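Trainee: build me a model from this:
(one chain, ligands or ions: 1)
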Amino acid sequence: MNRVDIEGVSVSPDHFINNERVRSERTFEDRSPLDWTWKLADVARGGAREATLALVAAEDAFPQWASLSTHQRGEYLHRLADLIDEHVADIAHVETRDMAMLEESLRLRVISRGARNFRAYADLAGDYEPRRWSSNGTQNVVLRQPAGPTVVITPWNAPFMLSTWKCAPALAAGNTVVLKPAEWSPLSCSLLMDLVAEAGLPPGVFNLVQGLGEEVGAALVNDPRVRRISFTGSPETGRIIGEAAAKNLVPFTAELGGKGPFLVFADADLEAAAEKAAVMYDDAGQVCLAGTRLLVEESVTEEFTRLFRLAAERHVLGDSRDRSTTVSPLIHPEHLARVSGFVERARAKGDRIVFGGELERVGGLWYRPTLIEPASNDSEVVQHEVFGPVLTLQSFDGEEEAVRLANSTPYGLSAIVYTTSDERAERVGRRVRAGTIWVNCFLVRDLTAPFGGIGISGIGREGGDYALDFYSDLTTLQIKEGTTHG
Ligand code: NAD
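Mentor: Residues are numbered from 1 along each chain as shown. Predicted coordinates for the structure are as follows:
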């Protein structure tokens, strides 16, 4: 079998269709951001042929998978979750070398969230009690029916966790899945497919195709066999995929980019706020949910900035395999050029670089944690997602201005608020436009809560029953009362 060795862990660079590895004539190079001269693999480069193969497999497997009870499907998904837990170290190992997320945090937190995704959705789907009520002389019963072959397309950051977040509810709801991970970090999802085979999922239920977005990705989302499309990535790609979904009238969810405000009120615990704000540089800021616009009440801006600078200076840029590293390299030279392009244009337009604003090591992909005071709220670096270790700092005078600035971009994925006032937390929470708002914390998630974006940050909600409803066709049975009996 075609496998590559990633410093002691063996990974297939091929597709996984019908529980078998499938090769393509063409391949693309996958390099490590830890050392760009290090070629990890020549990965199968799928196109229309592989998209069709995978969707036919998913279509063929659908009736049987859909006919299982939620508990029977749950047993498969629990087995898969157990296998993920057994292989956390290997998956983290590969993902660190492939996309440079910090190995320690992948090992301790992120990868096991993948196992939790499968368990949580297996159990939730099993717990579903159809809604029943009487009206107009009929019994109304709402049934969740499996929808059909589902395409899941995911981005390069946290690829394993983000893919399982979408595939788990799709499978639990009785759909079959074709997953296409991003071409910049394709390998950890390939390891997942080894576990799918080991867990004994029936052939065709869970497939993976590798390749470029505009090739195999486009072929998948335009195929009329597809009954659901679930996408995470940039708003630009979201629009393209949305057009394909509209063409075939296929329900579509999109979790897109963010430009979250990080609001610090004068009554906040400033030290805690500054420490948390510095966390936005973790993983080189390549986190969609990050609060990248620091908005601080005028009376405490000077003190907050002093504390924030101290916290930011404690960051250690380095190799993501080392435990002491807190800031990883960026994913790709093209992405580094994009990030530094934002900073250079900001500098040229008169925004003030407070610290950072340069590469850390010549030849590598590390960019220094950067803080910018924009000349205006219209500055490009305030209005556009950078997706790197670049934060902006602005002050506000009172709650009204805080909310106005928070809502002044087209994004609405997340927000972070630091205040010690209950009332303010709720007041501001009701007025800030964001799918998730954290008060005095960050990244705490309950998997049953709705998750998604407002504005250009996304369409639809996933999480808990919201996801299971999306991946199902909801059918209402209306039974004339008194005409049936048990
Ligand atoms: P991207 O939009 O460039 O690519 C995402 C995926 O779409 C990749 O798998 C890519 O191959 C595929 N793709 C590209 N063109 C396609 C096409 N025409 N048809 C079908 N598929 C296509 O995004 P990226 O650069 O990989 O990821 C970074 C972006 O993702 C950022 O904007 C980030 O904020 C966002 N993101 C959002 C969330 C969230 O939960 N809202 C989570 C992580 C990342």
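
Trainee: going forward, measure contacts between C-alpha atoms and count neighbours the same way
Mentor: Fine.

Trainee: which bits of the chain sit near the ligand?
Mentor: Residues of the chain lying close to the ligand (CA under 6 Å from any ligand atom) are 153-157, 180-183, 212-214, 217-218, 232-234, 237, 240-241, 255-258, 288.

Trainee: report the buried members of those.
Mentor: Buried residues within the residues of the chain next to the ligand, counting neighbours by 16 or more other CA atoms under 10 Å: 153-157, 180-183, 212-213, 217-218, 232-234, 237, 241, 255-258, 288.

Trainee: please enumerate residues in contact with the host helix or strand of residue 116?
Mentor: Per DSSP states H and E: residue 116 is located in helix 111-126. When contacts are defined by CA atoms under 8 Å, 6 or more residues apart in numbering, helix 111-126 is touched by residues 70-71, 73-75, 77-78, 80-82, 84-85, 88, 91-92, 160-162, 164-165, 168-169, 172-173, 447, 464-465, 468.

Trainee: ok, stretch 388-399 next?
Mentor: Applying CA under 8 Å, 6+ apart, the external contacts of stretch 388-399 come out as 280-282, 284-286, 292-298, 301, 330, 339, 367-374, 381-382, 402, 428.

Trainee: out of those, list just those in helices.
Mentor: In helices, judged by DSSP state H, the following of the contacts of stretch 388-399 are found: 301, 339, 381-382, 402, 428.

Trainee: ends of stretch 44-51, how far apart?
Mentor: Terminal residues of stretch 44-51 lie 12 Å apart, using CA to CA, to the nearest Å.

Trainee: name the residues of stretch 202-220 that are buried.
Mentor: If you call a residue buried by 16+ other CA under 10 Å, then stretch 202-220 has these buried ones: 203-213, 216-220.

Trainee: what does stretch 300-310 give?
Mentor: Under 16+ other CA under 10 Å, the buried positions of stretch 300-310 are 300-301, 304-305, 307-309.

Trainee: include secondary structure when you put the residues you listed into JSON lines, please.
Mentor: Converted to JSON lines, these look like this (DSSP: H, G, I helix; E, B strand; the rest coil):
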{"residue": "300", "secondary structure": "helix"}
{"residue": "301", "secondary structure": "helix"}
{"residue": "304", "secondary structure": "helix"}
{"residue": "305", "secondary structure": "helix"}
{"residue": "307", "secondary structure": "helix"}
{"residue": "308", "secondary structure": "helix"}
{"residue": "309", "secondary structure": "helix"}
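
Trainee: please tell me how far residue 465 sits from residue 360.
Mentor: Counting by CA to CA, the gap from residue 465 to residue 360 is 44 Å.

Trainee: neighbour count for these two, which is higher?
Mentor: Of the pair residue 465 and residue 360, residue 465 is the one with more neighbours under other CA atoms under 10 Å, namely 19 against 16.

Trainee: so how far is stretch 84-91 from its chain's centroid?
Mentor: Taking the mean of its C-alpha atoms, stretch 84-91 sits 19 Å from the chain's own mean (CA atoms, centre = their mean, to the nearest Å).

Trainee: ditto for stretch 133-146
Mentor: 35 Å.

Trainee: I'd like the average pLDDT over it.
Mentor: Stretch 133-146 carries an average pLDDT of 95.

Trainee: likewise for stretch 74-94?
Mentor: pLDDT averaged over stretch 74-94 gives 98.

Trainee: dump it to CSV, restricted to CA.
Mentor: This file holds the C-alpha atoms of stretch 74-94, laid out as CSV (Å, rounded to 0.1, in the frame of the first residue of the first chain):
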residue,chain,number,x,y,z
GLY,A,74,-24.4,5.2,17.4
GLU,A,75,-22.5,2.0,18.1
TYR,A,76,-20.3,2.5,15.0
LEU,A,77,-19.7,6.1,15.9
HIS,A,78,-18.8,5.3,19.5
ARG,A,79,-16.3,2.7,18.2
LEU,A,80,-14.8,5.4,16.0
ALA,A,81,-14.6,7.8,19.0
ASP,A,82,-12.8,5.2,21.1
LEU,A,83,-10.3,4.6,18.3
ILE,A,84,-9.7,8.4,18.0
ASP,A,85,-9.0,8.5,21.7
GLU,A,86,-6.5,5.6,21.3
HIS,A,87,-4.7,7.4,18.5
VAL,A,88,-4.7,11.0,19.8
ALA,A,89,-0.9,11.1,20.0
ASP,A,90,-0.4,9.9,16.4
ILE,A,91,-3.0,12.3,15.0
ALA,A,92,-1.6,15.2,16.9
HIS,A,93,1.9,14.2,15.7
VAL,A,94,0.9,14.3,12.0
